[in-house]
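1. no sequence for this one, just the structure:
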């Protein structure tokens, strides 16, 4: 069994692409990164794979998307459905649209009596099966956390992001032009 680590969060920023404007533009986006024993998860990932730059992917702890944060926290608590068909949960997701098909850092979630484990932490996409094989740096990382501390942290985050959901108005339904169907092809003359 892995040594027991302490899970936390820290304020972080990554570059994202804002697709809400007529012309997509890059901007800095604030979010909360996971920390393992005080070290940001994105730093652990960069060091693990021997790259100097942090990955642009972010956690779902993003105040601009509280509904995604709530769903992600429920999955990490074992209360919601997993992100992938094989039962794995996303730890970091695409910084543009949070789509796991772009690429996600995912883990198998094992909840035991006293610990919660993120096993075989590695990059995954939804359209290919994940194969937990060692890479050139050795076996994929596994992190075990004290269950009480883990559930206390995630429970507090869940409470906070649920409050944000309640304070955020629901998105209005898309208004479509009459007779226009985006996926329909126009007949050729």
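-> That came in fine, so what should we check first? Since the model is a prediction, treat every value here as computed from it, not as a measurement.

2. and the closest residue in space to residue 100 that isn't next to it in sequence, how far from residue 83?
-> Spatial nearest neighbour of residue 100, chain neighbours left out: residue 126 (5.0 Å); criterion: Cβ to Cβ, 6 or more residues apart in numbering. For the C-beta atoms, the positions are set from N, CA and C on the backbone; glycine is no exception. Distance, residue 126 to residue 83, using Cβ to Cβ, to the nearest Å: 8 Å.

3. common neighbours of the two, please.
-> Common neighbours of residue 126 and residue 83, counting by Cβ atoms under 8 Å, 6 or more residues apart in numbering, are residue 100.

4. which of the two has more neighbours?
-> When neighbours are counted by other Cβ atoms under 10 Å, residue 83 comes out ahead of the other of residue 126 and residue 83, with 22 against 16.

5. so what pLDDT did the more buried one get?
-> We note a pLDDT of 91 for residue 83 in this prediction.

6. list the buried residues of stretch 117-127.
-> Burial within stretch 117-127, assessed by neighbour count using 16 or more other Cβ atoms under 10 Å, is assigned to 117, 118, 119, 120, 121, 122, 123, 124, 126.

7. with those residues in mind, which one is nearest to residue 98?
-> Using Cβ to Cβ, residue 126 is the member of these that lies nearest residue 98, at 12.3 Å.

8. nearest residue to the middle of the chain?
-> residue 92 (3.5 Å; Cα atoms, centre = their mean).

9. which residues are in contact with it?
-> Residue 92 makes contact with 41, 42, 45, 55, 57, 58, 59, 104, 105 under the criterion Cβ under 8 Å, 6+ apart.

10. who wins on neighbours among those?
-> Taking other Cβ under 10 Å to define a neighbour, the member of the contacts of residue 92 with the most is residue 59, carrying 27 neighbours.
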